[in-house]
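**Q** Sharing a model prediction with you, sequence too.
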Amino acid sequence: MYFHESEAIARENRDLQATMERVDEMLATIFTAAPLRPADFACRLACDANQVVAIFDLLADQDVLLAQEMVECERCQNLMLASELREAWDDGDDFDCSSCGRILRRRAPVIRIYRMTAETLARPKPAVPTADIEQALRELDQHSSVFRRLGQIWVIKYEREMILMQDARGLAYLARLLADAGHDVPAVSLLAVVAGIDPRITSGTSGSLLDDQAMAKYKQRYSELQEELEEAESSNDLGGIAKVQAELEAFGTEIARATGLGGKKRERTDAEKVRKAVSMAVSRAIDSIRNEHAILGRHLQNSISSGLTFRYDPERDPSWLTPR
């Protein structure tokens with residue numbers, strides 16, 4: 001295993017050993033400060049989510065990981081510290097999503113995520129043994145079109161020409177697009193690729209801010225606020241009345257902003273920052289490839305469309321061998 005702490009945990013917890021080995025291997029390939037969700041690992045590895053949580057907690061005890069309580073914006077899936085939400089509400093202030101500006105409600109669900117600590121990230125990055133790389137290159141050379149990472153190196157082959165490139169965020173985005181030719185991939189979903197985890201849900205795409213399910217939740221919350229107001233008025237709680245009325249006003253503003261004039265649902269525009277960041281990374285990656293492999297650079301430039309969603313749509317699908 002890469003982390004010596006993982007080996008110690010496996011020795012002391014035999015029931016976790018098999019899952020520990022797989023989690024350790026996946027953590028070694030991620031090796032970033034990106035948020036880590038046990039449910040994502042369990043889904044990707046097809047293992048028990050409770051075991052992953054137990055492993056993450058044990059790694060947190062060893063200062064390999066840091067556990068954080070976060071709130072997640074239901075609109076754009078942006079993560080923010082739960083402590084900041086509680087502090088804002090204690091002060092009677094609204095708490096806006098730092099990404100899309102949506103006002104988060106008091107009862108926003110708190111989730112537990114993990115990150116690699118600064119000390120962990122200061123360790124040397126996991127390396128792929130030279131013999132393994134040479135063997136992998138021989139195997140990859142048997143395929144006509146390859147876009148796969150080995151350690152910190154990307155092996156790229158197209159039209160019988162192979163190039164090696166240093167790892168970069170944009171290359172991971174491209175690999176994800178090549179693996180799903182002919183399908184739209186939301187820009188925000190590509191962000192999760194860098195962490196090596198496919199997102200649980202897609203978000204950030206164009207579409208209505210409020211679908212039927214979201215509208216039902218808004219109606220439920222409105223009813224709850226009305227009940228809270230009635231209780232405050234019946235007990236002559238002036239402070240409570242003022243607080244609920246302020247939330248009702250903010251709630252009404254949010255509804256109006258989301259539905260637009262006449263109740264017509266507006267289209268979302270909150271993913272602009274994500275779109276720009278991903279677009280720039282993809283463009284830089286294509287430019288870098290073009291400098292090494294002009295034919296492939298032109299192919300990618302002509303086949304990839306970008307925006308709030310990205311799409312690789314070639315005239316002829318080369319049947320890429322991409323990351324597993």
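**A** All right, it came through fine. Keep in mind that what you see is a predicted model, and the values were worked out from it rather than measured.

**Q** And for the closest residue to residue 284 other than its chain neighbours, the neighbour number?
**A** Of all residues not flanking residue 284 in the chain, residue 170 sits nearest, at 5.2 Å (C-beta to C-beta, 6 or more residues apart in numbering). C-beta coordinates here come from the backbone N, C-alpha and C atoms, glycine included. Number of residues near residue 170 (other C-beta atoms under 10 Å) recorded here: 21.

**Q** What segments of the stretch 1-150 of the chain are strands?
**A** 65-72, 79-81, 110-116, 146-150 (DSSP state E, counting those that start in this stretch).

**Q** Could I get the full set of helices for the stretch 1-150 of the chain?
**A** For the stretch 1-150 of the chain, applying DSSP state H, counting those that start in this stretch gives helices covering 4-12, 17-30, 38-45, 49-61, 82-90, 118-121, 130-140.

**Q** Mind giving me the packing neighbours of the fifth one?
**A** Going back to what we said before, that points to helix 82-90. strand 65-72 (3 or more C-beta pairs under 8 Å, 6 or more residues apart in numbering; DSSP states H and E).

**Q** how many degrees apart are the strand it packs on and helix 17-30 in direction?
**A** Using axes from the mean of the first three to the mean of the last three C-alpha atoms, to 10 degrees, the direction of strand 65-72 lies 80 degrees away from that of helix 17-30.

**Q** Which of the helices and strands in the protein ranks last by mean pLDDT?
**A** Taking mean pLDDT, DSSP states H and E as the measure, the chain has helix 238-259 as its least confident helix or strand, at a mean of 61.

**Q** Buried ones in the next helix or strand after that one, by neighbour count?
**A** Using DSSP states H and E, the next helix or strand after helix 238-259 towards the C-terminus is helix 272-292. Judged by neighbour count using 16 or more other C-beta atoms under 10 Å, the buried positions of helix 272-292 are 274-275, 278-279, 281-282, 285-286, 288-290.

**Q** Please apply the same query to stretch 25-38.
**A** 26-28, 30-31, 34-38.

**Q** so what pLDDT did the residue of the chain positioned farthest from its centre get?
**A** Distance from the C-alpha centroid of the chain, by C-alpha atoms, centre = their mean, peaks at residue 236 (45.9 Å). In this model, residue 236 is scored at 80, pLDDT.

**Q** so which strand or helix has it?
**A** With DSSP H and E as the test, residue 236 turns up in no helix or strand.

**Q** residue contacts, the nearest residue in space to residue 70 that is not next to it in sequence?
**A** Excluding the flanking residues, the one nearest residue 70 by C-beta to C-beta, 6+ apart is residue 79, at 4.5 Å. Residue 79 makes contact with 35, 70-73, 113 under the criterion C-beta atoms under 8 Å, 6 or more residues apart in numbering.

**Q** Which of the residues you listed sits closest to residue 300?
**A** residue 35 (29.1 Å; C-beta to C-beta).

**Q** which residues sit in contact with the residue nearest to that closest one when sequence neighbours are not counted?
**A** Distance criterion C-beta to C-beta, 6+ apart; nearest residue to residue 35, sequence neighbours excluded, is residue 113 at 4.4 Å. Residue 113 makes contact with 35-37, 67-68, 70, 79, according to C-beta under 8 Å, 6+ apart.

**Q** Put together a markdown table for those, with distance to residue 10 and pLDDT on each row.
**A** As requested, the contacts of residue 113 are exported to a markdown table (distance: C-beta to C-beta, whole Å; pLDDT from 0 to 100):
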| residue | distance to residue 10 | pLDDT |
| --- | --- | --- |
| 35 | 24 | 80 |
| 36 | 19 | 85 |
| 37 | 22 | 85 |
| 67 | 20 | 92 |
| 68 | 25 | 89 |
| 70 | 28 | 85 |
| 79 | 30 | 74 |
